[in-house]
Structure formats: C-alpha cells, structure tokens
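Enquirer: Have a look at this prediction, sequence included:
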Protein chains: 2
Amino acid sequence: MTDDERLPQPATADIDLVTVLHALGDPVRMRLLLSYADGAEHSCAPRDLGLEHLHKSTVSHHMRVLREAGVTTTRVAGRNRFVRLRRTDLDTRFPGLLDALLTSAPAPVPAAAR
Amino acid sequence: MTDDERLPQPATADIDLVTVLHALGDPVRMRLLLSYADGAEHSCAPRDLGLEHLHKSTVSHHMRVLREAGVTTTRVAGRNRFVRLRRTDLDTRFPGLLDALLTSAPAPVPAAAR
DNA sequence: GGGATTGGTGGATGATTGTCAAACCATCCC
DNA sequence: GGGATGGTTTGACAATCATCCACCAATCCC
C-alpha cells in the first residue's frame, strides 16, 4: 500500500484560526466534523455521513474547504479517499479548541468521540 | 442611569454553536472579539478598535452580527452604545470555547486579556 | 432652539458561497 | 477491453455577505 498520497493541505503552523472558524461555521461541515470526531478514517460517501440529501459534488466541495482550512487530511488510496481529522495538529495550534467544540456539539456525538 | 436598554439578543439557551463560529469566522469580527476580551464595555467607535479603515456602518453591521449570534450584548445609554462580551453566557453554553479561542488569538491580545 | 456628536438604516454593488448537474478521470474488476 | 465505482472539476445560478454611501434619529450641550 505504497500508493498512499496526501492531498494538498496547509502545514500545521499555517493553520489560521479565522479560516478554521469560517470553515466550521456551516451546518454541513459541522456535521462532517462530528462524523470525523472518532479519529478514524472515513470515506467520502454522503450516505455514510447522514448527508444523503446532498449531491456528491457538494460534499466534495465541503471536504475540500475543511482540508484547505487544515481541519482534515485526505489520503488517496486507489479510487478511494480517506479523510481523517487533524486532531494532533489542531490541538497543537489551538489547545483546547477541538475539545470545546466537540463537547458543545450541536448533534449527537457518534459513539466514542473521546 | 435608569435609561439603560438592551438591544435584542438571543437567550443563552438559544445561542447556536454554528452561528457563533460563523460570526467569528471573519477577520474583522475576530478583532472585535479580541478587543472585547478584557470583559469591559466598549463604545462603537472604529478608532477605538483599530478599524479606522472601515466605514461606520460596516462596523455597525459587524457588531450586529456578533450581537445576534449571542457573542456580545449591547447596552444603550443616551447616544452611546456599550458593547460587552457575553462571557458567562458563552462559558455556560460552550465550556472552554472562549478560553481556547482567546488563547489561540491570532493578533496581539491587548493587555490584561485574562 | 440649534448645532454637534454618536450611531443606525436602507439601498446599491461586487464578491463569496452553497448547491446542483453534467462531464470527466482514475481505478478496480469481470 | 469495457463496465462499474468513487470522487473531482467546471459551469451555472441563487443566496448571502462585506462594504460603502447618503440619509436619518436620538441625545447632549451651548
């Protein structure tokens, strides 16, 4: 499995707080964040994320916003993309922010978030 | 000083996380938040906030967004308006969020922020 | 009362954004 | 090779938004 490849994303030091907040200031992307809160890798399929009502390309757009803001990282393996939360990087850059966000989560946190 | 009057704002329980993040996902409003982080009341004058480059009405607009999101409260006294951070309400609703935001502040925190 | 001060309202405008649809691309598999 | 699968890109469109401008409203002070 050496065909791993990461989609472009900002370096940890370049993650900007306002940009992150702007990225998370959208209900769809907040739901994505909650889905990713378990720390596991997730595919991009809308049906796995409670986003059946949205078009593929819309979900793709939102995931790009999250990735470019530095919230998530995307690994390419074959025709699948695996998205994961950049928890360590975010905790380094903004200590306590992610915990506070997930604690105050507006929707039910799926399973073992922490 | 009984002519105090509060501009309309959401009740504490109605403050929505996504709405707050959306409000703070703007560089101007983030700067306002940092100005208000001292807990004191502030006037609306752009020159007191490092926003000389913005029109009065633009600043007024941003302050309305913050107030309607539940981030700030505005007291009207005569021809002056005094804006203050709703720190207690925000801490109640989203424990740790404000602390995390102010700790990771992107701009120099003005004096005794904590 | 009359002028100055403080700040908001409403309209206009250009930019950004969320969404969908259709086309496209790479990969896996039969 | 040729479908089928998983996802991105591009274009279009409506909605939202940030900004400015001109005008307005209330208050303070002489």
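Expert: The structure has been received and is ready for your questions. Numbers count the residues shown, from 1 in each chain, chains lettered A, B, ... in the order given.
Enquirer: in chain A, which spans are helices?
Expert: With DSSP state H as the criterion, chain A has helices at A:17-24, A:27-36, A:56-69, A:87-93, A:97-103.
Enquirer: gap between the residue nearest the centre of chain A and chain B?
Expert: What sits nearest the mean C-alpha location of chain A, by C-alpha atoms, centre = their mean, is residue A:72, with 4.0 Å. Distance of residue A:72 to chain B, given as C-beta to the nearest C-beta, to the nearest Å: 16 Å. The way it works is simple: take the backbone N, C-alpha and C, and place the C-beta from them, glycine included.
Enquirer: Before we move on, what's the pLDDT of that residue?
Expert: For residue A:72, the pLDDT comes out at 97.
Enquirer: what is it paired to in the beta sheet?
Expert: residue A:85 (DSSP bridges).
Enquirer: which ones are touching it?
Expert: Residue A:72 makes contact with A:9, A:32, A:36, A:63, A:66, A:83-86 under the criterion C-beta atoms under 8 Å, 6 or more residues apart in numbering or on different chains.
Enquirer: quick one: it and residue A:63, what's the gap?
Expert: Computed with C-beta to C-beta, to the nearest Å, the distance linking residue A:72 and residue A:63 is 7 Å.
Enquirer: how deep is the closest residue to residue A:10 other than its chain neighbours tucked in, by neighbour count?
Expert: Spatially, and ignoring its direct neighbours in sequence, residue A:10 is nearest to residue A:70 (4.5 Å; C-beta to C-beta, 6 or more residues apart in numbering or on different chains). Other residues lying near residue A:70 total 22 when counted by other C-beta atoms under 10 Å in any protein chain shown.
Enquirer: Any residue of the helix or strand of chain A with the lowest mean pLDDT touching DNA strand C?
Expert: Counting by mean pLDDT, DSSP states H and E, the weakest-scoring helix or strand in chain A turns out to be strand A:5-6, with a mean of 82. No: judged by C-beta under 7 Å from any atom of the strand, strand A:5-6 stays clear of DNA strand C, getting no closer than 8.9 Å.
Enquirer: neighbouring strands for that strand, and are they parallel or not?
Expert: Strand A:5-6 has the following strand partners under DSSP bridges: strand A:72-77 (antiparallel).
Enquirer: pretty sure residue A:68 contacts residue A:7?
Expert: No: using C-beta atoms under 8 Å, residue A:68 and residue A:7 do not qualify as a contacting pair, with a distance of 9.3 Å.
Enquirer: quick revisit: please produce CSV containing the helices of chain A, extended by mean pLDDT, mean neighbour count and distance to residue A:79.
Expert: Formatted as CSV, the helices of chain A follow (pLDDT from 0 to 100; neighbours: other C-beta atoms under 10 Å in any protein chain shown; distance: least, C-beta to C-beta, whole Å):
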stretch, mean pLDDT, mean neighbour count, distance to residue A:79
helix A:17-24, 98, 22, 26
helix A:27-36, 95, 20, 21
helix A:56-69, 96, 17, 14
helix A:87-93, 97, 16, 26
helix A:97-103, 96, 20, 30
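Enquirer: List the contacts of residue A:6.
Expert: Contacts of residue A:6 (C-beta under 8 Å, 6+ apart): A:73-76.
Enquirer: That'll do, ta.
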